[in-house]
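Engineer: Sequence first, predicted model second:
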Amino acid sequence: KKASTRASWRLWGSKGVLTLIDQGLIGGSNFLMAILLARQLSHTHYGAYAVAFEIFMVVSMAYSCLVLEPMLVFGASKYRDGFGRYFGALLWMHLAVAFTTVVLLGGAACLIYEAGRSPGLPSAVAAATIATPFVLLFWLTRRAFYVRLDPRTSVIGGLIYGSVLLGGILLLYLFHLLSPAAAFLLMAGGALGASIFLVWRLRPLISLRLHAPTFKEVSRSHWIYGRWAISAALASWVAGNIYYILL
């Protein structure tokens, strides 16, 4: 019995270490990118990056409340036995969110460009528009492996993302070619490469037929779960970050 308990502790301990490594890869890559951007960009262009990144954070916060957090709950309980079909429905939900995001952020980039008062900001927002669906897909697939208690595969995805992002950002830094748009496009490239690998490992059942759980059923469950969380999250974001936009 003691040997079984020790083995269980070692198993969960290793999963915890892998989870920390995974989070460190993503956080460390993004942090180093921000440092290099701050060292090379002008104040105006770094400000454009900061504003575009805050816009991205608003979208990602809403996505987390409506898609990611409910998946951690429902994927491990209600849809545990049919996770492949459930994740397939989540991919359709992701496409719907991605389309809406591209329309809204793309329209915002056009309005900023027409206003003509913020050099560098239209291209930064346009690049963030391209990057957002890919980065959110990367987050979705990473979290799916946490639901399946397989952080090892998520770490591999983090390595792919970090390698593309850091390799590209260091190369551009050495040749003095960094820009807000380039940073977001590198994020998109890293997220796309990692997402392709992670989706391939997940092998979700994507079908247009009305197999349970359906897209409508999953969307309704996620909305009921996340609608209050999104209100609280947006209120928190406004209190702590709205000054970026106002300035």
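Structural biologist: Right, received. Where do you want to start?

Engineer: Show the contacting residues for Ser179.
Structural biologist: Applying C-beta atoms under 8 Å, 6 or more residues apart in numbering to Ser179 gives the contacts Leu41, His45, Gly120, Ser123. Yep, even glycine has a C-beta here, placed from its N, CA and C like the rest.

Engineer: any idea how far Pro180 is from Gln40?
Structural biologist: 11 Å (C-beta to C-beta, to the nearest Å).

Engineer: In this structure, where is pLDDT below threshold?
Structural biologist: Applying pLDDT under 70 to the chain picks out residues 1-24, 207-212.

Engineer: residue ranges for the helices of it, please.
Structural biologist: Ranges of helices within the chain are 2-40, 43-63, 69-74, 83-115, 121-147, 151-174, 180-202, 215-246, based on DSSP state H.

Engineer: What helices and strands are in contact with the third one?
Structural biologist: In terms of contacts (3 or more C-beta pairs under 8 Å, 6 or more residues apart in numbering; DSSP states H and E), helix 69-74 is packed against helix 121-147, helix 215-246.

Engineer: Only the buried residues of it, if you could.
Structural biologist: Glu69, Pro70, Met71, Phe74 (16 or more other C-beta atoms under 10 Å).

Engineer: what are the phi and psi values for Gly120?
Structural biologist: When read as degrees, to the nearest 10, the backbone of Gly120 gives phi 90, psi -20.

Engineer: With the flanking residues excluded, which residue is spatially nearest to it?
Structural biologist: Setting aside the residues directly before and after it, Gly120 is nearest to Ala48 in space (C-beta to C-beta, 6 or more residues apart in numbering), at 3.9 Å.

Engineer: ok so, going back, Gln40 and Pro180: which has the busier surroundings?
Structural biologist: Pro180 (26 against 15; other C-beta atoms under 10 Å).

Engineer: roughly how far apart are the more buried one and Val103?
Structural biologist: The value you get for Pro180 to Val103, if C-beta to C-beta is used, is 21 Å.

Engineer: quick one, what contacts the closest residue to Leu41 other than its chain neighbours?
Structural biologist: Nearest non-adjacent residue to Leu41, counting by C-beta to C-beta, 6+ apart: Leu178, 6.3 Å away. Going by C-beta under 8 Å, 6+ apart, Leu178 touches Leu36, Leu37, Gln40, Leu41, Ile169, Leu172.
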